[in-house]
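Visitor: Give me the fold of what follows.
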Amino acid sequence: MMHSGITRPLSGDAFRHHTASTRIFVRLKMFSDQLLIMMNNKRKKMNLTEQMFQELFLSFVRIFELIIIDNKNLQSYEMTVGKETVISEPDAVICQFFPADVLAFTEKVIAVVEVKKEYSRGISETTERRTRSGDKTSSMIGHIDSSLKGQHTGEMIAALPSSVFGLNGVYGLIVQGTKVTVVSFRASGQFWEQLQNGNVKNAHAIVRYSPEYNILTKQGRSQLMNIFLGMKMLLQNLEM
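Guide: Numbers count the residues shown, from 1 in each chain. Presented below is the predicted three-dimensional model:
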């Protein structure tokens with residue numbers, strides 16, 4: 001029996017499933033291609049640059065259909081502390097664009113990203129420090145040194161006016177090589193006002209750090225997948 005060779009068009013659901021699968025395949029290939037490039041460079045004893053690690057992380061985040069903008073396409077954030085203007089330039093932000101007008105969109109940030117190719121170790125144990133002056137709490141994490149924590153915290157603070165949570169807080173991601181730490185920054189009610197007035201000691205916030213997750217391990221990818229899918233669902237709900 002001979003067949004006419006006519007291909008039936010896909011139904012609506014089948015077409016959407018096929019399109020979604022194609023998009024995921026393309027994003028997975030971009031991640032795997034970047035990883036292969038880095039592995040090949042390492043085999044040839046070539047230098048692995050910070051930009052390579054950044055591209056690897058960006059391609060991983062995009063697998064989950066999140067918008068992540070790197071520093072080449074990102075405007076700096078500015079904040080006023082007393083009489084001084086502080087400029088912050090994070091390596092990337094995960095964000096969403098919300099319609100502000102007919103032809104205008106507002107960028108809202110859910111996570112501020114800092115990428116380092118080298119692994120910097122801080123203190124040896126994970127503890128929590130609480131100071132009674134204003135009941136300020138911060139986490140001290142052994143796999144992140146104090147200078148990196150300070151730099152990233154400043155970048156999260158500068159991005160607060162653009163946060164999806166308003167001035168209440170924002171998430172952060174610290175990437176050291178292929179290891180990712182999720183950070184949450186939660187500000188007190190008067191935090192931004194106190195900061196702008198230069199009353200830094202009265203600007204209280206809580207910063208918490210997760211364990212580190214390695215995107216090259218199955219367990220690490222699984223943990224990050226849950227986190228990024230959670231961010232995606234949150235942003236979708238905010239669009240409604």
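
Visitor: tell me the mean pLDDT for the lengthiest strand in the chain?
Guide: Identified as the longest strand of the chain according to DSSP state E is strand 105-116. Mean pLDDT, strand 105-116: 93.

Visitor: how far does stretch 33-40 sit from the chain's center?
Guide: Put simply, stretch 33-40 sits 22 Å off its chain's centre (C-alpha atoms, centre = their mean, to the nearest Å).

Visitor: Ignore what I typed, I meant stretch 77-87.
Guide: Distance, stretch centre to chain centre, for stretch 77-87: 23 Å (C-alpha atoms, centre = their mean).

Visitor: Return that stretch as CSV; C-alpha atoms alone will do.
Guide: Output in CSV follows, covering the C-alpha atoms of stretch 77-87 (Å, rounded to 0.1, in the frame of the first residue of the first chain):
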residue,chain,number,x,y,z
TYR,A,77,21.6,51.3,39.9
GLU,A,78,22.0,54.4,42.0
MET,A,79,21.1,55.1,45.6
THR,A,80,21.6,58.1,48.0
VAL,A,81,23.2,57.5,51.4
GLY,A,82,23.1,60.8,53.2
LYS,A,83,24.8,63.3,50.9
GLU,A,84,26.6,60.7,48.8
THR,A,85,25.4,58.9,45.6
VAL,A,86,26.4,55.2,45.4
ILE,A,87,26.4,53.5,42.0
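
Visitor: Tell me who's in contact with T80.
Guide: The contact partners of T80, taken as C-beta atoms under 8 Å, 6 or more residues apart in numbering, are V86, Q196. Placement of C-beta: from N, CA and C, glycine included.

Visitor: Where does the prediction get shaky in this protein?
Guide: Scanning the chain for pLDDT under 70 picks out the ranges 1-20, 100-104, 119-141, 240.

Visitor: Strands of that one, start to end?
Guide: Taking DSSP E as the criterion, the chain carries its strands at 67-70, 77-81, 84-88, 92-99, 105-116, 127-131, 136-140, 169-176, 179-187, 205-214.

Visitor: which of these sits most buried?
Guide: Comparing the strands of the chain by mean neighbour count (mean count of other C-beta atoms under 10 Å), strand 169-176 comes out on top with a mean of 24.

Visitor: ok, that one: who's next to it in the sheet?
Guide: Its sheet considered, strand 169-176 pairs with strand 105-116 (parallel), strand 179-187 (antiparallel) by DSSP bridges.

Visitor: That'll do, ta.
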